[in-house]
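> with the input below, show me the fold.
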Amino acid sequence: MDWIKTVNHAIQYMEDHLTEQISVSDIAAHVNLSVFHFHRAFSMITGLSPAEYLRKRRLSQAAQELVNGDEKVIDIALKYGYETPESFTKAFTRFHGISPMQAKKGSPVQFMSRYTVRIAIEGGQIMEFTIKKLEPMDLLVHAKSFHAETSEAEIPKFWDAYYADEAYRKIPGYLGVCAQTKTDSDEFEYGIGCNASDVEGVPEGFKVIHIPAYTWAVFKCVGPSPKAIQDMWERIYKEWLPVSDYEIIPDYDIENYLPGDPSSQDYVSEICIPVKKSGAAV
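Have a look, this model is predicted:
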(Lines give C-alpha, C1' and ligand atoms only; values in the text may rest on other atoms or scores of the structure.)
Protein backbone atom coordinates (compact mmCIF):
# COMPACT_ATOMS: atom_id res chain seq x y z
CA MET A 1 0.00 0.00 0.00
CA ASP A 2 1.21 3.51 -0.85
CA TRP A 3 0.72 5.11 2.57
CA ILE A 4 1.60 8.62 1.46
CA LYS A 5 -0.97 8.51 -1.34
CA THR A 6 -3.57 6.94 0.98
CA VAL A 7 -3.19 9.64 3.63
CA ASN A 8 -3.29 12.38 0.99
CA HIS A 9 -6.51 10.87 -0.42
CA ALA A 10 -7.96 10.91 3.09
CA ILE A 11 -6.96 14.55 3.54
CA GLN A 12 -8.57 15.48 0.22
CA TYR A 13 -11.79 13.74 1.27
CA MET A 14 -11.81 15.66 4.55
CA GLU A 15 -11.13 18.95 2.78
CA ASP A 16 -14.01 18.28 0.39
CA HIS A 17 -16.38 17.67 3.32
CA LEU A 18 -15.34 20.23 5.94
CA THR A 19 -18.88 21.58 6.18
CA GLU A 20 -20.55 18.14 6.20
CA GLN A 21 -21.12 15.65 8.99
CA ILE A 22 -18.55 12.96 8.23
CA SER A 23 -17.08 10.48 10.71
CA VAL A 24 -13.69 8.83 10.94
CA SER A 25 -15.34 5.61 9.77
CA ASP A 26 -16.55 7.44 6.63
CA ILE A 27 -12.99 8.57 5.89
CA ALA A 28 -11.53 5.13 6.58
CA ALA A 29 -14.08 3.53 4.26
CA HIS A 30 -13.17 6.04 1.54
CA VAL A 31 -9.55 4.81 1.59
CA ASN A 32 -10.51 1.14 2.13
CA LEU A 33 -9.06 0.71 5.61
CA SER A 34 -10.47 -0.34 8.97
CA VAL A 35 -11.04 2.57 11.35
CA PHE A 36 -8.29 1.34 13.65
CA HIS A 37 -5.71 0.91 10.90
CA PHE A 38 -6.58 4.24 9.30
CA HIS A 39 -6.53 6.13 12.60
CA ARG A 40 -3.14 4.71 13.54
CA ALA A 41 -1.56 5.39 10.13
CA PHE A 42 -2.96 8.92 9.84
CA SER A 43 -1.90 9.85 13.36
CA MET A 44 1.61 8.43 12.98
CA ILE A 45 2.22 10.12 9.63
CA THR A 46 0.68 13.54 10.29
CA GLY A 47 1.07 13.93 14.04
CA LEU A 48 -2.67 14.60 14.37
CA SER A 49 -5.59 12.25 14.75
CA PRO A 50 -8.20 12.45 11.94
CA ALA A 51 -10.66 14.05 14.37
CA GLU A 52 -8.07 16.66 15.41
CA TYR A 53 -7.30 17.47 11.79
CA LEU A 54 -10.98 17.97 10.96
CA ARG A 55 -11.59 20.09 14.06
CA LYS A 56 -8.60 22.37 13.52
CA ARG A 57 -9.25 22.82 9.81
CA ARG A 58 -12.93 23.61 10.42
CA LEU A 59 -12.14 26.13 13.14
CA SER A 60 -9.43 27.64 10.96
CA GLN A 61 -11.79 28.05 8.01
CA ALA A 62 -14.56 29.32 10.28
CA ALA A 63 -12.25 32.07 11.56
CA GLN A 64 -11.37 33.15 8.03
CA GLU A 65 -15.05 33.47 7.16
CA LEU A 66 -15.79 35.43 10.32
CA VAL A 67 -12.92 37.82 9.63
CA ASN A 68 -13.56 38.29 5.91
CA GLY A 69 -17.35 38.01 5.68
CA ASP A 70 -20.48 39.36 7.27
CA GLU A 71 -22.16 36.10 8.30
CA LYS A 72 -23.49 35.76 11.85
CA VAL A 73 -21.66 33.62 14.38
CA ILE A 74 -24.62 31.24 14.65
CA ASP A 75 -24.62 30.69 10.87
CA ILE A 76 -20.91 29.90 10.84
CA ALA A 77 -21.35 27.59 13.84
CA LEU A 78 -24.08 25.59 12.10
CA LYS A 79 -22.14 25.52 8.83
CA TYR A 80 -19.16 23.83 10.51
CA GLY A 81 -21.18 21.28 12.44
CA TYR A 82 -21.73 22.90 15.84
CA GLU A 83 -25.26 22.53 17.19
CA THR A 84 -25.21 25.68 19.31
CA PRO A 85 -23.34 29.01 19.31
CA GLU A 86 -22.14 28.16 22.82
CA SER A 87 -20.41 24.93 21.78
CA PHE A 88 -18.87 26.72 18.78
CA THR A 89 -17.66 29.61 20.93
CA LYS A 90 -16.07 27.21 23.42
CA ALA A 91 -14.21 25.26 20.72
CA PHE A 92 -13.29 28.44 18.81
CA THR A 93 -11.88 30.13 21.93
CA ARG A 94 -9.88 27.03 22.89
CA PHE A 95 -8.25 26.91 19.43
CA HIS A 96 -7.80 30.60 18.64
CA GLY A 97 -7.41 32.09 22.12
CA ILE A 98 -10.14 34.63 21.41
CA SER A 99 -13.92 34.51 21.00
CA PRO A 100 -15.72 34.54 17.62
CA MET A 101 -16.93 38.10 18.32
CA GLN A 102 -13.37 39.25 19.00
CA ALA A 103 -12.34 37.68 15.69
CA LYS A 104 -15.09 39.59 13.87
CA LYS A 105 -13.77 42.80 15.41
CA GLY A 106 -10.28 42.18 14.01
CA SER A 107 -8.36 40.37 16.74
CA PRO A 108 -5.72 38.02 15.24
CA VAL A 109 -6.69 34.37 14.77
CA GLN A 110 -4.81 31.10 14.30
CA PHE A 111 -4.63 29.50 10.87
CA MET A 112 -3.83 25.88 10.04
CA SER A 113 -3.43 25.28 6.32
CA ARG A 114 -4.38 22.09 4.55
CA TYR A 115 -1.83 19.29 4.98
CA THR A 116 -0.01 17.66 2.08
CA VAL A 117 2.08 14.62 3.03
CA ARG A 118 5.39 13.92 1.29
CA ILE A 119 8.32 11.63 1.99
CA ALA A 120 11.09 13.60 3.68
CA ILE A 121 14.61 12.20 3.87
CA GLU A 122 16.30 13.48 6.98
CA GLY A 123 18.51 12.41 9.86
CA GLY A 124 20.26 9.22 8.85
CA GLN A 125 19.35 7.30 12.00
CA ILE A 126 19.48 3.56 11.38
CA MET A 127 16.39 1.41 11.89
CA GLU A 128 17.31 -2.09 13.02
CA PHE A 129 14.81 -4.73 11.98
CA THR A 130 14.67 -8.34 10.90
CA ILE A 131 12.15 -10.30 8.84
CA LYS A 132 11.37 -13.72 10.28
CA LYS A 133 8.75 -16.45 9.88
CA LEU A 134 7.15 -17.74 13.06
CA GLU A 135 4.88 -20.68 13.72
CA PRO A 136 1.41 -20.17 15.24
CA MET A 137 1.55 -19.16 18.90
CA ASP A 138 -0.76 -19.02 21.88
CA LEU A 139 -0.42 -16.01 24.16
CA LEU A 140 -1.87 -15.60 27.64
CA VAL A 141 -3.07 -12.03 28.24
CA HIS A 142 -5.07 -9.81 30.54
CA ALA A 143 -6.93 -7.66 28.01
CA LYS A 144 -8.94 -4.45 27.89
CA SER A 145 -10.61 -2.43 25.14
CA PHE A 146 -9.25 0.98 24.16
CA HIS A 147 -10.14 3.73 21.71
CA ALA A 148 -7.46 4.74 19.21
CA GLU A 149 -7.99 8.44 20.01
CA THR A 150 -6.91 8.08 23.65
CA SER A 151 -4.86 4.86 23.67
CA GLU A 152 -1.41 6.47 23.71
CA ALA A 153 -2.16 7.96 27.14
CA GLU A 154 -4.32 5.13 28.48
CA ILE A 155 -2.19 2.07 27.68
CA PRO A 156 0.75 3.13 29.93
CA LYS A 157 -1.82 3.51 32.74
CA PHE A 158 -3.03 -0.01 31.95
CA TRP A 159 0.53 -1.31 32.43
CA ASP A 160 0.80 0.54 35.75
CA ALA A 161 -2.48 -0.99 36.93
CA TYR A 162 -1.31 -4.45 35.83
CA TYR A 163 1.82 -4.32 37.98
CA ALA A 164 -0.09 -2.76 40.88
CA ASP A 165 -2.32 -5.85 41.05
CA GLU A 166 -0.63 -8.54 43.09
CA ALA A 167 -2.46 -11.40 41.32
CA TYR A 168 -1.60 -10.16 37.83
CA ARG A 169 2.00 -9.42 38.81
CA LYS A 170 2.57 -13.15 39.31
CA ILE A 171 2.10 -13.69 35.56
CA PRO A 172 5.12 -12.66 33.45
CA GLY A 173 4.00 -9.45 31.76
CA TYR A 174 6.53 -8.93 29.01
CA LEU A 175 4.26 -8.84 25.94
CA GLY A 176 1.84 -6.13 24.88
CA VAL A 177 -0.56 -7.54 22.28
CA CYS A 178 -2.82 -5.37 20.14
CA ALA A 179 -5.78 -7.02 18.38
CA GLN A 180 -6.86 -4.83 15.48
CA THR A 181 -10.59 -4.72 14.90
CA LYS A 182 -11.97 -5.02 11.39
CA THR A 183 -15.11 -2.97 12.02
CA ASP A 184 -16.18 0.65 11.63
CA SER A 185 -15.15 1.37 15.25
CA ASP A 186 -11.86 2.82 16.47
CA GLU A 187 -11.99 0.44 19.43
CA PHE A 188 -9.39 -2.28 19.78
CA GLU A 189 -8.25 -4.78 22.39
CA TYR A 190 -4.85 -4.59 24.03
CA GLY A 191 -3.53 -7.33 26.29
CA ILE A 192 -0.59 -7.72 28.66
CA GLY A 193 0.92 -11.14 29.24
CA CYS A 194 3.28 -13.83 28.02
CA ASN A 195 3.52 -17.03 26.03
CA ALA A 196 0.80 -19.40 27.22
CA SER A 197 3.42 -22.11 27.78
CA ASP A 198 5.02 -19.95 30.50
CA VAL A 199 2.06 -20.52 32.83
CA GLU A 200 0.04 -23.58 33.78
CA GLY A 201 -3.67 -23.15 33.09
CA VAL A 202 -5.54 -19.88 32.52
CA PRO A 203 -5.63 -17.70 35.64
CA GLU A 204 -8.71 -15.62 36.45
CA GLY A 205 -8.75 -12.36 34.51
CA PHE A 206 -6.70 -13.82 31.65
CA LYS A 207 -7.47 -15.49 28.34
CA VAL A 208 -5.54 -17.28 25.61
CA ILE A 209 -5.39 -15.75 22.14
CA HIS A 210 -4.20 -17.68 19.12
CA ILE A 211 -1.83 -15.90 16.71
CA PRO A 212 -1.61 -17.51 13.23
CA ALA A 213 1.67 -18.28 11.49
CA TYR A 214 2.95 -15.11 9.85
CA THR A 215 6.06 -13.48 8.49
CA TRP A 216 6.98 -10.77 11.02
CA ALA A 217 8.97 -7.56 10.81
CA VAL A 218 10.72 -7.16 14.17
CA PHE A 219 11.99 -3.66 15.01
CA LYS A 220 14.55 -2.99 17.73
CA CYS A 221 13.67 -0.08 20.04
CA VAL A 222 16.37 1.42 22.26
CA GLY A 223 15.59 3.81 25.11
CA PRO A 224 13.20 4.30 28.02
CA SER A 225 9.76 2.72 27.73
CA PRO A 226 7.14 3.61 26.56
CA LYS A 227 8.68 6.52 24.63
CA ALA A 228 11.07 4.33 22.62
CA ILE A 229 8.16 2.12 21.52
CA GLN A 230 5.96 5.11 20.63
CA ASP A 231 8.79 6.78 18.68
CA MET A 232 9.48 3.59 16.73
CA TRP A 233 5.81 3.21 15.78
CA GLU A 234 5.98 6.70 14.29
CA ARG A 235 9.17 5.87 12.37
CA ILE A 236 7.65 2.65 11.01
CA TYR A 237 4.79 4.59 9.40
CA LYS A 238 6.79 7.65 8.37
CA GLU A 239 10.08 6.08 7.24
CA TRP A 240 9.77 2.33 6.73
CA LEU A 241 6.34 1.59 5.27
CA PRO A 242 6.44 4.31 2.53
CA VAL A 243 9.59 2.78 0.99
CA SER A 244 9.39 -0.87 2.10
CA ASP A 245 8.59 -3.88 -0.07
CA TYR A 246 6.27 -5.05 2.71
CA GLU A 247 2.72 -4.28 3.80
CA ILE A 248 1.25 -4.65 7.28
CA ILE A 249 -1.26 -7.46 7.74
CA PRO A 250 -4.03 -5.86 9.83
CA ASP A 251 -4.40 -8.48 12.54
CA TYR A 252 -2.26 -8.65 15.68
CA ASP A 253 0.91 -6.77 16.55
CA ILE A 254 3.13 -7.41 19.53
CA GLU A 255 5.39 -5.31 21.74
CA ASN A 256 8.10 -7.40 23.39
CA TYR A 257 9.60 -5.90 26.56
CA LEU A 258 12.94 -7.61 27.13
CA PRO A 259 14.62 -8.07 30.54
CA GLY A 260 16.28 -4.93 31.89
CA ASP A 261 15.49 -1.53 33.37
CA PRO A 262 12.67 0.03 31.28
CA SER A 263 13.74 3.52 32.39
CA SER A 264 17.32 3.09 31.12
CA GLN A 265 18.60 4.93 28.06
CA ASP A 266 19.92 1.64 26.63
CA TYR A 267 16.85 -0.48 27.43
CA VAL A 268 15.86 -2.69 24.49
CA SER A 269 12.32 -3.59 23.49
CA GLU A 270 10.79 -4.78 20.21
CA ILE A 271 7.81 -4.12 17.96
CA CYS A 272 6.67 -7.16 15.98
CA ILE A 273 4.20 -6.67 13.12
CA PRO A 274 2.88 -9.29 10.70
CA VAL A 275 3.75 -8.42 7.09
CA LYS A 276 3.52 -9.66 3.55
CA LYS A 277 5.27 -8.69 0.36
CA SER A 278 3.52 -5.78 -1.32
CA GLY A 279 0.74 -7.06 -3.57
CA ALA A 280 0.99 -10.64 -2.29
CA ALA A 281 -1.89 -12.60 -0.80
CA VAL A 282 -1.79 -13.31 2.94
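
> from the centroid of the protein, which residue is nearest?
residue 40 (2.9 Å; Cα atoms, centre = their mean).

> correct me if wrong: that residue contacts residue 148.
Yes. Using Cβ atoms under 8 Å, residue 40 is in contact with residue 148, at 6.3 Å. Using the backbone N, CA and C atoms, a C-beta is placed for each residue, glycine as well.

> ok, and what's touching the helix or strand hosting residue 75?
Per DSSP states H and E, residue 75 falls inside helix 73-79. Helix 73-79 has contacts (Cβ atoms under 8 Å, 6 or more residues apart in numbering) with 19, 62, 65-66, 71, 84-85, 87-89, 100-101, 104.

> how about it: buried residues?
By neighbour count with 16 or more other Cβ atoms under 10 Å, helix 73-79 contains the buried residues 73, 76, 77, 79.

> burial count for residue 247?
17 (other Cβ atoms under 10 Å).

> under a three-state scheme, what state does it occupy?
Three-state call for residue 247 (DSSP: H, G, I helix; E, B strand; the rest coil): strand.

> pLDDT at it, what is it?
For residue 247, the model assigns a pLDDT of 92.

> same check on the one 5 residues further on?
Among the per-residue scores, residue 252 holds a pLDDT of 93.

> and if you look at the one 5 residues further on?
The predicted local distance difference test score for residue 257 is 95.

> how much space between it and residue 104?
The gap separating residue 257 from residue 104 is 53 Å, by Cβ to Cβ, to the nearest Å.

> same question for residue 85.
13 Å.

> again with residue 246
Taking Cβ to Cβ, one finds residue 246 at 52 Å from residue 104.

> can you check residue 150 too?
Applying Cβ to Cβ to residue 150 and residue 104 gives a distance of 34 Å.

> who has more neighbours, the two?
residue 104 (17 against 11).

> can you tell me the SS state at the closest residue in space to that one that isn't next to it in sequence?
In space, and not counting its chain neighbours, residue 104 is closest to residue 66: 5.2 Å by Cβ to Cβ, 6 or more residues apart in numbering. For residue 66, the secondary structure call by three-state DSSP comes out as helix.

> can you give me every residue that contacts residue 66?
Residue 66 neighbours (Cβ under 8 Å, 6+ apart): 73, 76, 100, 103, 104, 109.
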